[in-house]
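Chemist: model this:
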Amino acid sequence: MKLKQFAPLLVLLALTACATPLTPEQQAKADRMAALSKKIDDNYVPVSYVSISCSGHTDVPVTGYSVRDLISTQEYGSGGCGGTVAAGYPLPKQWRPGMKVKVSWKLDAQPWRETTTNIMRYDKVGTLFVHVFNDNQVRVVVSNTYPGGAGHPIPRESKTPPPEEQ
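Modeler: Prediction:
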């Protein structure tokens with residue numbers, strides 16, 4: 001009867017007796033994997049894949065634009081301003097300071113231009129809008145409302161960009 005009570009313990013002891021300790025190389029590898037796993041967990045940022053759009057506030061038409069994610073360096077873009085591209089841009093679900101993108105744009109009959117800019121503060125995930133202004137000014141905002149609609153951070157008729165946030 002007592003043997004039945006101790007049988008699981010005996011099996012466990014028998015199995016653990018067969019286990020060998022890790023070699024220093026195996027332990028070092030296990031430690032590196034644990035550190036990498038922790039780093040990934042600590043830096044994981046949930047994202048939503050959003051569309052991108054462009055709004056031109058320039059004297060001449062914007063005939064091309066693209067947005068480059070600075071983490072993956074993948075480029076998302078389209079032809080001229082005015083439409084929306086279901087680009088699948090990986091936008092963090094929560095805004096945090098220092099979020100930047102590289103924007104390239106082309107004005108009619110002019111060479112391509114490029115700059116790095118901040119993504120302005122947002123509370124809800126929505127479409128990523130690139131606003132191109134005269135004097136090589138660009139602002140990137142996230143909104144669920146198109147330019148000209150109530151609640152969009154930059155009015156459609158604006159010719160001056162808002163101050164760039166950090």
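
Chemist: kindly export stretch 49-61 (C-alpha atoms) in CSV.
Modeler: Taking C-alpha atoms only, stretch 49-61 is exported to CSV below (Å, rounded to 0.1, in the frame of the first residue of the first chain):
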residue,chain,number,x,y,z
TYR,A,49,-1.4,47.3,-40.1
VAL,A,50,-2.9,50.5,-41.5
SER,A,51,-3.4,52.3,-44.9
ILE,A,52,-1.5,55.3,-45.9
SER,A,53,-2.6,58.5,-47.7
CYS,A,54,-1.2,61.8,-48.8
SER,A,55,-2.5,65.3,-48.6
GLY,A,56,-0.8,68.0,-50.6
HIS,A,57,-0.7,71.6,-49.3
THR,A,58,1.7,72.8,-52.0
ASP,A,59,1.5,75.2,-54.9
VAL,A,60,2.1,72.3,-57.4
PRO,A,61,0.7,68.8,-57.3
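
Chemist: how distant is it from the center of its chain?
Modeler: In this view, stretch 49-61 has its centroid 19 Å away from the chain centroid, taken as C-alpha atoms, centre = their mean, to the nearest Å.

Chemist: for it, which positions count as buried?
Modeler: Counting neighbours by 16 or more other C-beta atoms under 10 Å, one finds that the buried residues in stretch 49-61 are 50-58. C-beta here means a position set from N, CA and C on the backbone, and glycine is covered the same way.

Chemist: filter those residues down to the ones in strands?
Modeler: Under the assignment DSSP state E, the buried residues of stretch 49-61 contribute 50-57 to strands.

Chemist: what is the nearest of the residues you listed to Leu70?
Modeler: Using C-beta to C-beta, the shortest approach to Leu70 within those belongs to Ile52, at 15.0 Å.

Chemist: distance check, that closest one against Thr84.
Modeler: 7 Å (C-beta to C-beta, to the nearest Å).

Chemist: shared neighbours of those two, anything?
Modeler: Residues touching both Ile52 and Thr84 by C-beta atoms under 8 Å, 6 or more residues apart in numbering: Thr127.

Chemist: dump the buried residues of stretch 49-61 into TSV; add distance to Glu165 as well.
Modeler: Putting those into TSV (distance: C-beta to C-beta, whole Å) gives the following:
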residue	distance to Glu165
Val50	19
Ser51	22
Ile52	19
Ser53	20
Cys54	20
Ser55	18
Gly56	21
His57	18
Thr58	22
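
Chemist: what's the closest of the residues you listed to Tyr76?
Modeler: Nearest to Tyr76 among the buried residues of stretch 49-61 is Ile52, at 5.6 Å by C-beta to C-beta.

Chemist: no further questions, thank you.
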